[in-house]
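> Following is a predicted model, sequence given first.
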Amino acid sequence: MTSSRIGMVLGTEDVTPTVFWFAVTNGASVQLDDLVTVQTTRPDGRAVTFYGLVDNVRKRHEGVTFESDVEDVVSGVLPASVSYAARVLVTRVDPEHFIPPQPGDAVRHATGDALHMALSADKMKEAAFPAGLLADGQALPLNFRFVNGESGGHINISGISGVATKTSYALFLLHSIFRSGVMDRVSAASGGQMAGSAGGRAIIFNVKGEDLLFLDQPNRRLDEKERAAQADKGLTADRYTLMNLPRTPFRDTQFLAPPRPGSVSGQITPHTDQRAQGVTPFVFTLREFCERRMLPFVFSDAGSSLNLGFVIGNVEEKLARLAQGQTGPGLTVEDWTPEEGDVPLEELSFTEVGGITLRTFEQLVSYLEFKLLEEREGEGDPKWVLKQSPGTLRAFTRRLRGVQKHLGPLIRGDLTPTEADRYRPNLLRGAQLSVVDIHNLSGPAQMFVVGVLLREVFEHKERHGRQDTVFVVLDELNKYAPRDEGSPIKDILLEIAERGRSLGIILIGAQQTASEVERRIVSNAAIRVVGRLDLAEAERPEYRFLPQSFRARAGILQPGTMLVSQPDVPNPVLVNYPFPAWATRKDEVDDLGGKTAVEAGEDWLR
Amino acid sequence: MPAMRIRLDPWPVDFEGGQLGLNPFGGQLIDIETARWAAIAPRAIPERLSTVYVVDGKPRMESRVFIEDTHGEAGMGGFGAFVVGAVKLCPHGSRPAELSDVVASRVLAHAPGLRLDPCELSPRDPHTGRLHYPPVAAASGDPLAPQHKVQALMLDAEQELSHRYASAVPLDEHDDREPLSTLTLQDGTLRRSGVSLGGAVVGYVKTMQTQYLPPDRVGLLGTLKPGERTPIMHLTSETGKSTRFTWYVRLCDAAFYQHPMSGVMRLEMYAPDDPDFLPPAVRAVANASGALLLRLGSKAHKDPRAPQNLIPTAALEHAMTRAMGSPELVTRRIRAHIAQTFGPEAVA
């Protein structure tokens, strides 16, 4: 401990092993989030060191009683001194003798080894990776074993949209995980049990704008922003350097987007406005839809009616049987006799034996209407109907008709087998980072895509085990896993939250309000992060992990600042994280590859 | 015939005597500034007066004791403490006020004729320091004598401190160049009779136990406006032993239910016996006293003796009490010391 004394433990406030106040020495400056250390000596001569975090600082006039005395003090009539004190929340006691420090013990800034002890970095060893910078410019270590599922898993981020920049922080964490080398270090320490960063994958669902379609491009404003931040915070180097992270965009990426609606056959183009190159459209074939039981994900509110759930389950089963043994993107049925005028016959293709091959989602819905309501003079096929009331059946088909428009472009039977292969979303065997752009989809289609893809990932991991870690970044958890309603996608998310950690699927979930998300999902996250919160929200029980003073501060956090809570450190820590090195908008893309216009011009002339 | 009227003494009843006593004065009073008995308006505080000290002291008897010395002599005594100190302030308000020399002393005052060793009270917790009580003989064997001794020691210390700070006042008409740069305000009368220690020390007397003014002059006190003062007078005590320059200042308007002299305070400075010369420094102090005391006067809701108990004095009293330590803790230490040193075993 070489840093100089910044204060002494106060004797006029209670000194406890977990909280104490100290008087700040004249001339010293202590701010919130400073990490401090105090050493006390037990009567037997052994030292006990306390490490803690400043969570409150206050000044007051000492020796005066009345509030109006301040005028007399300032006018030089009343002698008084200014007392400057800070409260410390203890994060660690070493060795674990929970005695209180002695009033009068010297308080120092925690730096170097003391800082490592304060943040339990010594326990993390090779599993530590930077999660941002502390107020004094030192990196906050986060324990990867609490991220990858070994000791705990999942990250949950809460905060108001726009100011809390949840997605930015999730991306920064991914960047840090992939590029700090922590995956490889942990893999080496495990003796090859884990795959390291080469096997690591991340899937990001892009729900807002086209923000995440440029993650592989350098950010033009990075230099300017980082220089400003460095000067502003008085740092010795830029924030990437301080955390030992490369200032580069994401590598090994793929971008998936749904096809643009309206392109009936032939050309399938991604439905994106700002980026056309390097974005792969994705579609599901009609046969896959049936075979791989995607029907439940069409009904996000299936949980609301028991009967409807029964019909869905039955139809799902029947469609899966139908699709069994079939090949090609379409679905061939042999018992459909569509009425004239109902479906234009020229759009249907008849097989040699009189069957019909369904080529669009609309046709599938028509077929289901036929099977459930029209066959046998309006009675329906008894095997499909299973004595359900016509009302329920109609509710089922009505809902299908309702989403038909949204799902039509995504679920198709009119592709060639090569196209079907090319456009099948491939999240786990493709690039390290897959961005699935669903922002252009309507609500039901978003739910469908997220549900189907997550289930695929989950089933894949169930087969292949946890060797490779897959990070799933999903914003708006309150939409996909609301607290009060059930839905197929919520079931998948619950599975991931509760079992995913042992399978190597890590959910990096974000939401505006944790109080509206299924409790079991939030409570399973080992790492919790809070950005700017609405103050009423901050008082809800979901944020009890924040001490009261932090809950109050959550209301004034600026973009780029987060409160991070991890199991190794009993109190949350405030960090700020660097400006993204990757473009988050089209106008941030650095077309010149980091060079000035003149340098780039020289390259062309050569 | 005038109507009957009853008005309040402004001070709480637990202050002995109240603010107003009005005992008749038997000494001599001479107009030295002017023969015209009328209010004089306050002047601004002169620029060169850069520092004002407010000095006060406080005695405390901690335990009365009965002492037997090693020679078989016995007598009464007491563990006592006293503290003096000052608040240093700038009358122009350009610096923060600060406490100065607030130091407590402790003595074991005893009846004369006893031979005693100093008492050293060591604490249970080494953190909290030792209490050192050197023996001091009181004037007599009277049980109250030790207490008076502590009081006398305090007054001496207070006096010494006041004059150490203050600029000198030339009491000679040929020397008026001495600048008045530092002034001391001392709580209470100047006490030490006769001698002038020569400093610009003003005693401020909060009460009016003695009515110095003849009946035809008292009326002016009731009509003074805040900051105004009476002319300076030369005052010789009844015994003729002490002489003072004195004048009255009003610090605030009296409320309608209070007696008309409730905001008035008497000030005094040392004067030579010879009543024909008023040193310019004294006049300068008197001129500035209204403005100065208006700034320092306290408010009724903060201090029961407002405005006479000045703001710095109240703060100083608080600091002095603190400097002597908690009386409960000290008494307990004394008891522990006696138990340890002269416990039941020592008697047996």
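Noted; the coordinates are in hand.

> Name all residues that make contact with whichever residue of the stretch 151-300 of chain A sits closest to chain B.
Nearest residue of the stretch 151-300 of chain A to chain B: A:Gly234, at 30.2 Å (CB to the nearest CB). For glycine as for every other residue, the C-beta is placed from the backbone atoms N, C-alpha and C. Contacts for A:Gly234 (CB atoms under 8 Å, 6 or more residues apart in numbering or on different chains) come out as A:Gly137.

> switch the cut-off to 10 Å
Contacts for A:Gly234 (CB atoms under 10 Å, 6 or more residues apart in numbering or on different chains) come out as A:Asp136, A:Gly137.

> Model confidence for it, exactly?
With respect to pLDDT, A:Gly234 has a value of 85.

> cool, the one 5 residues further on as well?
A:Arg239 carries a pLDDT score of 91 in this model.

> Next: B:Leu292.
95.

> Can you name the residues of chain A sitting close to chain B?
A:11, A:63-66, A:68-69, A:72-82, A:102-104 (CB under 10 Å from any CB of the partner chain).

> what are the ranges of the helices in the stretch 351-500 of chain A?
A:361-369, A:375-378, A:382-385, A:390-407, A:417-422, A:443-464, A:477-480, A:488-495 (DSSP state H, counting those that start in this stretch).

> Return the list of helices and strands in contact with the fifth one.
In other words, helix A:417-422. On a contact count with 3 or more CB pairs under 10 Å, 6 or more residues apart in numbering or on different chains; DSSP states H and E, helix A:417-422 meets strand A:279-281, strand A:284-285, helix A:286-291.

> longest single strand anywhere in chain B?
Across chain B, the longest stretch assigned as strand under DSSP state E is strand B:51-68.

> Specify the beta-bridge partners of residue 87.
Since no chain was named, I'll use chain A. A:Trp21, A:Asn56 (DSSP bridges).

> not quite, I wanted chain B
Under the criterion used (DSSP bridges), B:Val87 bridges to B:Val54, B:Leu99.

> dump the residue contacts of it.
By CB under 10 Å, 6+ apart, B:Val87 lies in contact with A:77-79, B:52-56, B:97-100, B:102, B:185, B:296, B:310-316, B:319.

> What's the local residue count around A:Pro570?
As a burial measure, A:Pro570 scores 17 neighbours (other CB atoms under 10 Å in any protein chain shown).

> I'd like to know which elements the helix or strand hosting it is packed against.
When elements are assigned from DSSP states H and E, A:Pro570 belongs to strand A:569-576. Judged by 3+ CB pairs under 10 Å, 6+ apart, the packing partners of strand A:569-576 are strand A:47-62, strand A:81-94, strand A:128-133, strand A:139-143, strand A:525-530, helix A:548-553, strand A:561-566.

> With just CA atoms, put the fourth one into CSV.
Spelled out, it's strand A:139-143. The C-alpha trace of strand A:139-143 is given here as CSV (Å, rounded to 0.1, in the frame of the first residue of the first chain):
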residue,chain,number,x,y,z
ALA,A,139,-10.3,-1.4,-15.5
LEU,A,140,-13.1,-3.3,-13.7
PRO,A,141,-12.4,-7.0,-13.9
LEU,A,142,-15.4,-9.2,-14.5
ASN,A,143,-15.3,-12.9,-13.7
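
> helix or strand right after it?
Past strand A:139-143, further along toward the C-terminus, the next helix or strand under DSSP H and E is strand A:153-158.

> distance of the residue nearest to B:Ala284 when sequence neighbours are not counted from B:Arg244?
Spatial nearest neighbour of B:Ala284, excluding adjacent residues (CB to CB, 6 or more residues apart in numbering or on different chains): B:Leu180 at 5.5 Å. In this view, B:Leu180 and B:Arg244 are 18 Å apart by CB to CB, to the nearest Å.

> top helix in chain B by residue count?
Ranked by residue count under DSSP state H, the longest helix found in chain B is helix B:145-165.

> For that one, buried residues please.
Residues of helix B:145-165 classed as buried: B:145-147, B:149-155, B:157-159, B:161-163, B:165 (neighbour count, 16 or more other CB atoms under 10 Å in any protein chain shown).

> what are the pairing partners of the next helix or strand after it, and which direction each?
Going down the chain from helix B:145-165, the next helix or strand is strand B:182-187, by DSSP H and E. Partner strands and pairing direction for strand B:182-187 (DSSP bridges) are strand B:51-68 (parallel), strand B:201-205 (parallel).

> Render the CA-only coordinates of strand B:182-187 in PDB, please.
Taking C-alpha atoms only, strand B:182-187 is exported to PDB below (Å, rounded to 0.1, in the frame of the first residue of the first chain):
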ATOM      1  CA  THR B 182      -6.000  44.800  16.400                       C
ATOM      2  CA  LEU B 183      -8.800  45.000  19.000                       C
ATOM      3  CA  THR B 184      -9.800  42.500  21.700                       C
ATOM      4  CA  LEU B 185     -13.400  42.200  22.900                       C
ATOM      5  CA  GLN B 186     -13.400  40.500  26.300                       C
ATOM      6  CA  ASP B 187     -16.500  39.000  27.800                       C
END
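
> and that strand with helix B:145-165, angle?
Interaxial angle of strand B:182-187 relative to helix B:145-165 (axes from the mean of the first three to the mean of the last three CA atoms, to 10 degrees): 160 degrees.

> Tell me the gap between strand B:182-187 and the middle of its chain.
Its chain's C-alpha centre and that of strand B:182-187 lie 10 Å apart, by CA atoms, centre = their mean, to the nearest Å.

> residues touching B:Arg7, list them.
Applying CB under 10 Å, 6+ apart, the residues near B:Arg7 are B:Leu20, B:Ala254, B:Ala255, B:Phe256, B:Tyr257, B:Gln258, B:His259, B:Pro260, B:Met261, B:Ser262.

> Quick check: it vs B:Pro214, distance?
22 Å.

> which residues of the stretch 151-300 of chain B fall in strands?
Taking DSSP state E, counting those that start in this stretch as the criterion, the stretch 151-300 of chain B carries its strands at B:182-187, B:201-205, B:208-211, B:233-236, B:243-250, B:264-270.
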